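# Using only what follows, build the 3D model:
(chains A and B)
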Amino acid sequence: MKAVFTRPQALSDQATHYCPGCLHGIAHRLVAEALDELDLTERAVGVASVGCSVFTYNYFDCDFQQAAHGRAPAVATGIKRARPDSIVFTYQGDGDLASIGAAEAMHAASRGEKITVIFINNAIYGMTGGQMAPTTLEGQRTTTSPSGRDVSLTGHPLRMSEMLQGLPGVAYLARVSCHDVKHIRQAKQSVQKAFEVQREGLGFAMVELLSNCPTNWGMTPGESLKWLEENMIPYYPIGELKTPEAVTDHGE
Amino acid sequence: MGSKWVLNSERCKGCDLCTSVCPVDIVYLSDTMNRKGYRTVQVTDEEKCISCGFCAMMCPDVAIEVYRPEKEAKK
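Numbering: from 1, shown residues only, chains lettered A, B, ... in the order given. The predicted model follows:
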């Protein structure tokens, strides 16, 4: 029997605490597969954020550091500068990266820190109970916008990737989605490229993964994937926003 | 011959995402519960499995492993 799909080595062998159907699990697996396939696990240092992904350090078989809320890119900067040979990545949700940590992400990108940022955008605060996030879509119901997000009161949803696009320090920037098999394959290639960019020392790399939150969106996992496809992708268009020429193309 | 489709049933959370992507429609949510109280997925007829790995790729909990039988050498 030839293995078609087995658990990646870089993913530690334990159950995650995520809700059923949460795409965090797929995002974790994509990072682990990239570490495996590029053979970077031994050099990798992850930086966990605050949010649902706060226990990320339990799920990877590599070194990890837990950062204060939003400060993962700053902590990653320190690790990368002290240990330039290491492969440093942060794993942050939208409450962490787009809200309290927006400044850290912007400045790490603007300095061109040679780190990889994995940004999970599910348009809501998951861990704290489904409050409105900066990335919450217009009209989306959350516990703090019960009649839908009113953009005249709370502004428009933040497109983090587009904000970072203009910064010269950014080498690789992509927005991908995990809502079906085809897009998961694309996401895998983008995550891998983001690690290759760091390995080659080209600059700041970020992958924004559109994700779901069945629990706080109040949907079944299946419905949440459909909602993601129909509502999030039109506002957060997927694709590569910035690529350095030196990164090998995996033949998309 | 080993199994083409292997489930770690204690990892399954019954989210039902794998059942929607199976091209031959053999993965279904069974009534069997695991120790955490989640209904787990099963396959109706493993013979029909084409080892595409879609269910495993869609599984957020990496509970499924998929294998493909080696082609027999031509005589």
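# Now for the nearest residue to residue A:61 once chain neighbours are set aside: which residues touch it?
Nearest residue to residue A:61, sequence neighbours excluded (CB to CB, 6 or more residues apart in numbering or on different chains): residue A:12, at 4.9 Å. For glycine as for every other residue, the C-beta is placed from the backbone atoms N, C-alpha and C. By CB atoms under 8 Å, 6 or more residues apart in numbering or on different chains, residue A:12 lies in contact with A:58-61.
# For those, which single residue is the most surrounded?
The most crowded member of those is residue A:59, carrying 27 neighbours; neighbours defined as other CB atoms under 10 Å in any protein chain shown.
# quick one: residue B:20 is in a helix?
Yes. Counting by DSSP: H, G, I helix; E, B strand; the rest coil, one finds residue B:20 located in a helix.
# Please enumerate the helices of chain A.
A:24-37, A:72-82, A:94, A:102-110, A:151-154, A:160-165, A:181-199, A:214-217, A:221-227, A:233-235 (DSSP state H).
# mind checking the backbone torsions on residue A:201?
Here is the backbone geometry of residue A:201 (degrees, to the nearest 10): phi 70, psi 40.
# So it sits against residue A:113, correct?
No. Residue A:201 is beyond contact range of residue A:113, at 11.0 Å (criterion: CB atoms under 8 Å).
# higher neighbour count, these two?
residue A:113 (23 against 10).
# Just give the closest residue to residue A:29, not the sequence neighbours.
residue B:62 (5.6 Å).
# Next one: that neighbour relative to residue B:49, how far apart?
18 Å (CB to CB, to the nearest Å).
# Kindly report the same for residue B:58.
As judged by CB to CB, residue B:58 and residue B:49 stand 15 Å apart.
# Which one's more surrounded, those two?
With neighbours defined as other CB under 10 Å, residue B:58 and residue B:49 compare such that residue B:58 has more, 24 against 21.
# Tell me how far that one lies from residue A:157.
Distance of residue B:58 to residue A:157, computed by CB to CB: 27 Å.
# Then residue A:110?
As for residue A:110, its distance to residue A:157 is 22 Å (criterion: CB to CB).
# Please list all residues in contact with residue A:177.
By CB under 8 Å, 6+ apart, the contact set of residue A:177 is A:183, A:186-187, A:209-210, A:228-229, A:232-233, A:238.
# now with 10 Å?
A:23, A:121, A:183-184, A:186-187, A:208-212, A:225, A:228-229, A:232-233, A:236, A:238 (CB atoms under 10 Å, 6 or more residues apart in numbering or on different chains).
# Against chain B, how distant is it?
Distance of residue A:177 to chain B, computed by CB to the nearest CB, to the nearest Å: 13 Å.
# That residue bridge partners, please.
For residue A:177, the beta-bridge partners are residue A:210 (DSSP bridges).
# measure it to residue A:74 for me?
Applying CB to CB to residue A:177 and residue A:74 gives a distance of 28 Å.
# now do residue A:116
Separation of residue A:116 from residue A:74 (CB to CB): 15 Å.
# Those two - which one has more neighbours?
Taking other CB under 10 Å, residue A:116 and residue A:74 do not tie; residue A:116 has more neighbours (30 against 19).
# How many residues are close by residue A:82?
Residue A:82 has 9 neighbours, counted by other CB under 10 Å.
# same thing with the one 3 residues further on?
Using other CB under 10 Å, the number of residues around residue A:85 comes to 6.
# Not counting its neighbours along the chain, what's nearest whatever residue of the stretch 101-250 of chain A ends up closest to chain B?
Residue of the stretch 101-250 of chain A nearest chain B, by CB to the nearest CB: residue A:221 (4.3 Å). What sits nearest to residue A:221 in space, not counting adjacent residues and going by CB to CB, 6+ apart, is residue A:21, at 2.4 Å.
# now swap in residue A:188 and tell me
Closest residue to residue A:188 apart from its sequence neighbours, by CB to CB, 6+ apart: residue A:30 at 5.1 Å.
# got a list of what that neighbour touches?
When contacts are counted by CB under 10 Å, 6+ apart, residue A:30 touches A:8, A:118, A:176, A:178, A:184-185, A:187-192, A:207, A:209, B:57.
# again with residue A:69
With CB under 10 Å, 6+ apart, residue A:69 has these contacts: A:49-51, A:54, A:92, A:95-96, A:99-101.
# I'd like the distance from stretch A:39-48 to the chain centre, please.
With CA atoms, centre = their mean, to the nearest Å as the basis, stretch A:39-48 stands 15 Å off its chain's centre.
# That stretch near chain B at all?
No. Using CB under 10 Å from any CB of the partner chain, we find that stretch A:39-48 stays clear of chain B, coming within 16.1 Å at best.
# Could you tell me which residues within that stretch count as buried?
A:40-41, A:43-48 (16 or more other CB atoms under 10 Å in any protein chain shown).
# Now do the same for the residue nearest to residue A:221: its pLDDT.
In this model, residue A:21 is scored at 95, pLDDT.
# do residue A:3 as well
As predicted, residue A:3 sits at a pLDDT of 93.
# Would you agree it is in contact with residue B:53?
Yes. Using CB atoms under 10 Å, residue A:3 is in contact with residue B:53, at 9.5 Å.
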